[in-house]
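fold the stuff below for me.
(one chain, ligands or ions: 1)
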Amino acid sequence: MREERPIIALDFPSFEQVKSFLALFPAEEKLYVKIGMELYYAAGPEIVRYVKSLGHSVFLDLKLHDIPHTVQSAMAVLADLGVDMTNVHAAGGLEMMKAAREGLGAGPKLLAVTQLTSTSEEQMRQEQNIQTSLADSVVHYAQRAAAAGLDGVVCSAHEAAKIKTATSASFVCLTPGIRPKGSAVGDQKRVMTPSDARKIGSDYIVVGRPITQAENPVAAYQAIKAEWIGL
Ligand code: C5P
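This next block holds a predicted model:
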């Protein structure tokens, strides 16, 4: 099921910068934001409580990966914080993913990270000793995540169709690396426009710098949202 709001990656180093950024938007505009490791480790759980207190939705992108018991307990803490979505590494295994689901409860969405997009097929073979193609490894991890009761995966928009075929149409594909036409690609290697991501089956898109670094972030957000929902 497609989420109409593009998720804004709040890749800021401090609480103060997040406050200034969010203050640009009218109070009635309820956003969906991504809080990643940098901001969470700098600002702590208080940043989640603050963003939630403004009525926004939060995807807490911490990519947990530890023994099942530890991940389950940590997920219970994140559920109490009120996160709407969070994630784990599928490489942690089926039992870890099941424990994560148990700890988080049924309400918030739980996604898996399969192979990081910074990992090449060569690296995967050498370092992880996985002797399949990168695409097959991604699909395998997606199937394990589905079997563990997770809601979906973080993936490249290019992989979304394959993953849905291997799992189910309702298995969520959240895709970063989104760039509206004509914007700077930055360090992203494989990018896709919001409308192409919709056509290819993404359920959520994550957009950072094209909004956060824009001259007018509110206008940039509205334009990307319009393209995403197909206006
Ligand atoms: O600024 P930009 O739109 O490139 O930000 C994308 C966000 O999505 C960043 O927070 C980045 O860490 C994250 N991400 C990504 N590619 C992945 C996984 C996460 O760009 N494969």
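
run through who's touching whichever helix or strand residue 18 is part of.
Using DSSP states H and E, the element containing residue 18 is helix 15-22. The list of residues contacting helix 15-22 from outside it, by Cβ atoms under 8 Å, 6 or more residues apart in numbering, reads 10, 12, 31, 39, 42-43, 46-47, 50-51, 54, 56, 212, 217. Backbone N, C-alpha and C define where each C-beta goes, glycine included.

next SSE after that helix?
Next helix or strand after helix 15-22 toward the C-terminus (DSSP H and E): strand 32-36.

do any residues in that next one lie close to the ligand?
Yes - under the criterion of Cβ under 6 Å from any ligand atom, the ligand is reached by strand 32-36 at residue 36.

can you show me the strands along this structure?
Here the chain has its strands, by DSSP state E, at 7-9, 32-36, 57-64, 85-89, 109-113, 152-154, 172-175, 204-207.

as TSV, those with distance to residue 226 would be great.
Output for the strands of the chain, formatted as TSV (distance: least, Cβ to Cβ, whole Å):
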stretch	distance to residue 226
strand 7-9	15
strand 32-36	16
strand 57-64	19
strand 85-89	23
strand 109-113	24
strand 152-154	24
strand 172-175	18
strand 204-207	13
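
dump these into TSV; add mean pLDDT and distance to residue 143 as well.
Supplementary listing: the strands of the chain in TSV, determined by pLDDT from 0 to 100; distance: least, Cβ to Cβ, whole Å:
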stretch	mean pLDDT	distance to residue 143
strand 7-9	98	24
strand 32-36	98	25
strand 57-64	98	19
strand 85-89	98	15
strand 109-113	98	10
strand 152-154	98	10
strand 172-175	97	14
strand 204-207	97	20
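
just to revisit the earlier point, of the contacts of helix 15-22, list those near the ligand.
Checked against the ligand using Cβ under 6 Å from any ligand atom, the contacts of helix 15-22 give no members in range.

returning to that earlier point: just put the strands of the chain in CSV and tack on mean neighbour count.
Formatted as CSV, the strands of the chain follow (neighbours: other Cβ atoms under 10 Å):
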stretch, mean neighbour count
strand 7-9, 24
strand 32-36, 21
strand 57-64, 22
strand 85-89, 24
strand 109-113, 23
strand 152-154, 25
strand 172-175, 25
strand 204-207, 24
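
coming back round to it: C-alpha coordinates for the helix holding residue 18, CSV please?
The C-alpha trace of helix 15-22 is given here as CSV (Å, rounded to 0.1, in the frame of the first residue of the first chain):
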residue,chain,number,x,y,z
PHE,A,15,18.5,18.9,17.2
GLU,A,16,18.6,22.6,16.5
GLN,A,17,18.9,22.2,12.8
VAL,A,18,16.0,19.8,12.8
LYS,A,19,13.9,22.3,14.7
SER,A,20,14.7,25.1,12.2
PHE,A,21,14.0,22.8,9.2
LEU,A,22,10.6,21.6,10.5
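
noted, bye for now.
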